[in-house]
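Engineer: give me a 3D structure for the following:
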Amino acid sequence: MGDVTYGACCIDDLGARALRCDLLVHYGHSCLIPMDRMADIKCLYVFVDIKLDSLHFLQTLRLNFSKEQRLCFVSTIQFVTTLHAAAKELRNE
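Structural biologist: Predicted coordinates for the structure are as follows:
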């Protein structure tokens, strides 16, 4: 079809159009195709928030990094809630 899908966050709107789909359900993180591109196909986005064991995560960081070291958390959107909470706790120490 000549369309490119870069990852799981990219919905195949052109493929859905070619198959004449009535509804496209995207489960997970998404780059959110603009609504004007999806005018002829209904799209339901179901977002996912995956919880990590934040206590274990924080203990691991404390064992491997000193308080003087600067850390940067990079993640996919599913883990952002846990990472924000962990960052807040580390900043308050």
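Engineer: who touches the spatially closest residue to residue 22 that is not a sequence neighbour in this structure?
Structural biologist: Among residues not flanking residue 22 along the chain, residue 42 sits closest, at 6.8 Å (C-beta to C-beta, 6 or more residues apart in numbering). For every residue, glycine as well, the C-beta is placed using N, CA and C. If a contact means C-beta atoms under 8 Å, 6 or more residues apart in numbering, then residue 42 has 22, 23, 24 as its contacts.
Engineer: what strand or helix carries the closest residue to residue 16 other than its chain neighbours?
Structural biologist: Excluding its sequence neighbours, the residue lying closest to residue 16 (C-beta to C-beta, 6+ apart) is residue 24, at 4.7 Å. Element membership for residue 24 (DSSP states H and E) is strand 23-27.
Engineer: next, the buried residues of that strand.
Structural biologist: Neighbour-count burial for strand 23-27, counted by 16 or more other C-beta atoms under 10 Å, picks out 24, 26.
Engineer: all strands of the protein, in order?
Structural biologist: Assigned by DSSP state E, the chain shows strands spanning 23-27, 42-46.
Engineer: residue closest to the middle of this structure?
Structural biologist: Centroid-nearest residue in the chain, with C-alpha atoms, centre = their mean: residue 77, separated by 2.6 Å.
Engineer: residue furthest from the geometric center of the protein?
Structural biologist: Most peripheral residue of the chain (C-alpha atoms, centre = their mean): residue 68, 29.4 Å.
Engineer: ok so, going back, leaving out sequence neighbours, find the closest residue to the residue nearest to the centre of the chain.
Structural biologist: Leaving aside its sequence neighbours, residue 77 sits nearest to residue 29 (C-beta to C-beta, 6+ apart; 4.2 Å).
Engineer: pretty sure the one you found is touching residue 79, no?
Structural biologist: No - in this structure, residue 29 is not within contact of residue 79 by C-beta atoms under 8 Å, at 9.7 Å.
Engineer: returning to that earlier point: if I look at the residue nearest to residue 16, how far off is residue 77?
Structural biologist: The gap separating residue 24 from residue 77 is 19 Å, by C-beta to C-beta, to the nearest Å.
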